[in-house]
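[1] Provided below for reference: sequence and predicted model.
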Amino acid sequence: MINLLQSFKIEVPKGIFIKDPETSDLGKRIIKHSILLIDELGFEQFTFKKLGQAINSNESSIYRYFESKHHLLMYLTSWYWVWIEYQLVLETFALKNTEEKLKSAIKVLTRTTEEDSNFEHINEVILNKIIISENAKAYLTCDVDTENEEGFFKPFKRVVTRFSEIILEFSKTYKHPLSLASSTIEGALHQHFFQQHIKTITNCNEYHSVTEFYTNLILNTLKHEE
């Protein structure tokens, strides 16, 4: 964990992109404005043509970086989960009390996002909104098995694995740590979405946070397991 903190760099699986957008001004503008445009239009209405107009560049220039908008979405989701993994490690690695460590991990994975000034071309607050709405679309496709074999989902899988390890530190005999970890991460995104758009099917609101719900759920599950 200490090594991760010392050498931290956002690294997205290479097969997702054709040319690394972090290596040029144009690439960074593609990322910056794709986040803004997907947030404004939604992923379904988002196109490379519209993105090209937004950055005053030819549509063909975007295809030099990404072969499709699906790959661009996978890039954004992968970047986000690497960033979340960094926060998860940073906020838990020094904690010795397993319950406090678990609570801290739940907080990282279920809270709303604050902007990180270390990445000028990426608005993490808006990216978090996109993840809440669009994350599942990165893997709910007919190509998921091939893309998984090619390592495209490694950042998300690492976050799930790290969280499952923290769960096991707290409850060494719990039989379903990966299922609980992945369900919590995806479920928190759904609760945030419902809180914003379908309020009648969630109890999460300005008085009861998503973090409060999952902290209660997970601790009660682990403390009362048979």
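    Yep, that arrived.

[2] count of residues packed around C204?
    By other Cβ atoms under 10 Å, 20 other residues sit near C204. The way it works is simple: take the backbone N, C-alpha and C, and place the C-beta from them, glycine included.

[3] how near is G15 to Q195?
    35 Å (Cβ to Cβ, to the nearest Å).

[4] so between those two, which is more surrounded?
    Neighbour comparison, G15 and Q195: the larger count goes to Q195, with 20 against 12 (by other Cβ under 10 Å).

[5] need the longest helix for this structure.
    Identified as the longest helix of the chain according to DSSP state H is helix 69-92.

[6] average pLDDT across that helix?
    For helix 69-92, the mean per-residue pLDDT is 96.

[7] and the next helix or strand along the chain from that helix, what's buried?
    Next in sequence after helix 69-92, counting helices and strands by DSSP states H and E, comes helix 98-110. Neighbour counts over helix 98-110 (16 or more other Cβ atoms under 10 Å) mark 101-110 as buried.

[8] between those, which is nearest N216?
    I106 (9.7 Å; Cβ to Cβ).

[9] for the closest one, list the residues it contacts.
    I106 is in contact with 184, 211, 214-215, 218, counting by Cβ atoms under 8 Å, 6 or more residues apart in numbering.

[10] Y214 versus that one, what's the distance?
    5 Å.

[11] cool, R111 as well?
    10 Å.

[12] who has more neighbours, those two?
    For R111 and Y214, the more surrounded residue by other Cβ under 10 Å is Y214, and the numbers stand at 21 against 15.

[13] pLDDT value on that one, please?
    Taking Y214 on its own, its pLDDT is 98.

[14] SS state for it?
    Taken by DSSP: H, G, I helix; E, B strand; the rest coil, the conformation at Y214 corresponds to helix.

[15] again with N56
    coil.

[16] now it: phi and psi?
    phi 60, psi 50 (degrees, to the nearest 10).

[17] kindly report the same for N203.
    The phi/psi pair for N203 (degrees, to the nearest 10) is phi -100, psi 0.

[18] what is the neighbour count of it?
    12.

[19] low-confidence regions, the chain specifically.
    1-8, 115-118, 226 (pLDDT under 70).
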